[in-house]
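Visitor: Whatever this is, show me its structure:
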Amino acid sequence: MEMTFKGVRCPCDMPDFVKPKEVPMIRHLAVAAVRARKVPREVTEPPQERFQPGQVKDGWAVCDAESYKDFTATGFFFAHTLAKELDVPIGLLNITQGNTRIESWVSPESIGTVGHKVPRESFRAVYSTTPCTTYNTQVSPAAGFAIKGAIWYQGEANGKDGDGYYWKIKALIEGWRKVWNQGGISILRCSVAELRGQEGVVAAAS
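Guide: Below you'll find the predicted structure:
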């Protein structure tokens, strides 16, 4: 979910009990998305070891009354809670890209390997991207950072997957833990339910 406090359609208000200038121990590093090149669907470029020039251009930003507006909104609230409760510095590595399917975030090694339940063909991403594209350009280069956990917050792109989504998120989690060589890292998952029914009528989602 790609959303800063500036918002996409409307500004996000800061609750009164949260004062960004009081938590300078929070740092934020934004990683720019790399748009996929037009390549045949059967082609997947290998994972990168380093970010591309300009992909991380502003460095770590210290949280204050102005800089927080460019922070990931979801990540900030988690960092704020952790900083207050643990009294330790928190670094937010913001790797987000809107309107992407989970297939593009899974590592190449994880495709079709989780319990042999998800055939490789089912990971072929819809639209113009190939599987693992976002992983290769944004997640893989970040593997050199020491992390304690990750937040997976996705919109409705995979809303019609049904039970098959279970195996895809399992592949994503196992692949990320393997690349960081940290089997115990926590990965918090939140997926937005699809709001439109088959007739195009907005329906309640839980």
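Visitor: contacts, neighbours, all on C-alpha from now
Guide: Fine.
Visitor: Three-state assignment for Arg189, please.
Guide: strand (DSSP: H, G, I helix; E, B strand; the rest coil).
Visitor: and Arg101, how many neighbours does it have?
Guide: The number of residues packed around Arg101, counting by other Cα atoms under 10 Å, is 23.
Visitor: And Lys168, how far from Arg177?
Guide: For Lys168, the distance to Arg177 (Cα to Cα, to the nearest Å) stands at 14 Å.
Visitor: neighbour-wise, which of the two wins?
Guide: Lys168 (24 against 17).
Visitor: for the strand or helix carrying the more buried one, packing partners?
Guide: Lys168 is part of helix 164-179 when elements are defined by DSSP states H and E. Applying 3 or more Cα pairs under 8 Å, 6 or more residues apart in numbering; DSSP states H and E, one finds that helix 164-179 contacts no other helix or strand.
Visitor: what is the mean pLDDT for it?
Guide: Model confidence over helix 164-179 averages 88 on the pLDDT scale.
Visitor: same thing with stretch 91-101?
Guide: Stretch 91-101 carries an average pLDDT of 90.
Visitor: Wait, Ala171 touches Ser104, no?
Guide: No: between Ala171 and Ser104 there is no contact, the gap being 11.8 Å when judged by Cα atoms under 8 Å.
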